[in-house]
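A.B. asks: Okay, here's the prediction I keep looking at, along with the sequence it came from:
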Amino acid sequence: DWLWIGLACLAIVTTAVVSALVVGSRGADVYGARADILYVAPDAPLDVRQRSLATQGEVARSRAVLAAAAAQEGVPLDQLQDAVSVETGVQDDLLHITVSDEDRGVARRLAQAVATSYLGLAARVEGADARSRIRLLSPAYPLDDRLSPKPLRAAAVGLLLGLVLATGVAILLARRMSAR
């Protein structure tokens with residue numbers, strides 16, 4: 001009986017991992033490119049600086065910035081909105097603008113266009129002050145690893161889910177066996 005429970009659990013875990021690998025390996029390869037922007041926040045308390053940096057991140061993802069970049073590169077705005085993410089540093093004053101695409105070169109061009117559009121908007125809104133506080137730290141560069149699919153990550157999630165499910169099934173079967 002215990003052997004049967006062990007084999008059932010092994011089958012559950014194996015099925016979960018294989019299923020996750022199959023699902024996680026689907027889809028086209030998506031690559032990313034990133035541009036890094038240094039934002040020197042005003043000399044203020046940490047919470048004010050963090051809020052200011054978060055605001056700049058939202059500005060970088062704003063329609064005003066992305067519409068100009070989309071027009072410059074000839075891509076639909078909604079496609080660019082879906083492809084762009086902006087991360088702000090936790091302990092630093094950096095904005096990381098990342099753009100995803102199936103082509104590394106296109107991702108790099110789009111990331112550079114978004115960064116350039118953001119810098120242009122910042123200069124128009126903040127004037128000369130922006131040039132001293134907001135600078136392109138690194139032009140857009142392709143990321144080393146593809147953004148998706150991530151089959152190993154999917155397999156790890158499948159393994160965890162399979163283990164949880166197998167544990168539940170094992171407990172249920174063990175209780176049934178002991179009730180006999």
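C.D. replies: Sure thing, it's come through.
A.B. asks: Can you list the buried residues in the longest helix that the chain contains?
C.D. replies: Longest helix in the chain, counting residues (DSSP state H): helix 151-179. Of the residues in helix 151-179, those scored as buried under the neighbour-count criterion (16 or more other C-beta atoms under 10 Å) are 151, 154-155, 157-158, 161-162, 166, 170, 173. The C-beta positions use only the backbone N, C-alpha and C, and glycine is treated the same way.
A.B. asks: I'd assumed residue 155 was in contact with residue 19.
C.D. replies: No. Here residue 19 lies out of contact with residue 155, judged by C-beta atoms under 8 Å, at a distance of 9.8 Å.
A.B. asks: Can you pull out the low-pLDDT segments for the protein?
C.D. replies: Across the chain, residues meeting the criterion (pLDDT under 70) sit at 41-42, 90-91, 128, 130-131.
A.B. asks: at 80 instead, please
C.D. replies: For the chain, the stretches with pLDDT under 80 are 1, 25, 27, 41-49, 89-92, 126-132, 149-151, 179-180.
A.B. asks: now the nearest residue to residue 132 once chain neighbours are set aside: how far from residue 136?
C.D. replies: Leaving aside its chain neighbours, residue 132 sits nearest to residue 40 (7.5 Å; criterion: C-beta to C-beta, 6 or more residues apart in numbering). Taking C-beta to C-beta, to the nearest Å as the criterion, residue 40 is separated from residue 136 by 13 Å.
A.B. asks: Can you pick out the residue with more neighbours from the two?
C.D. replies: Neighbours around residue 40 and residue 136, counted as other C-beta atoms under 10 Å, are more numerous at residue 136. The numbers are 15 against 12.
A.B. asks: Can I take it that that one is in a strand?
C.D. replies: Yes. Remark: residue 136 belongs to a strand, assigned using DSSP: H, G, I helix; E, B strand; the rest coil.
A.B. asks: Check the gap between it and residue 168 for me.
C.D. replies: When C-beta to C-beta is the yardstick, residue 136 and residue 168 sit 52 Å from each other.
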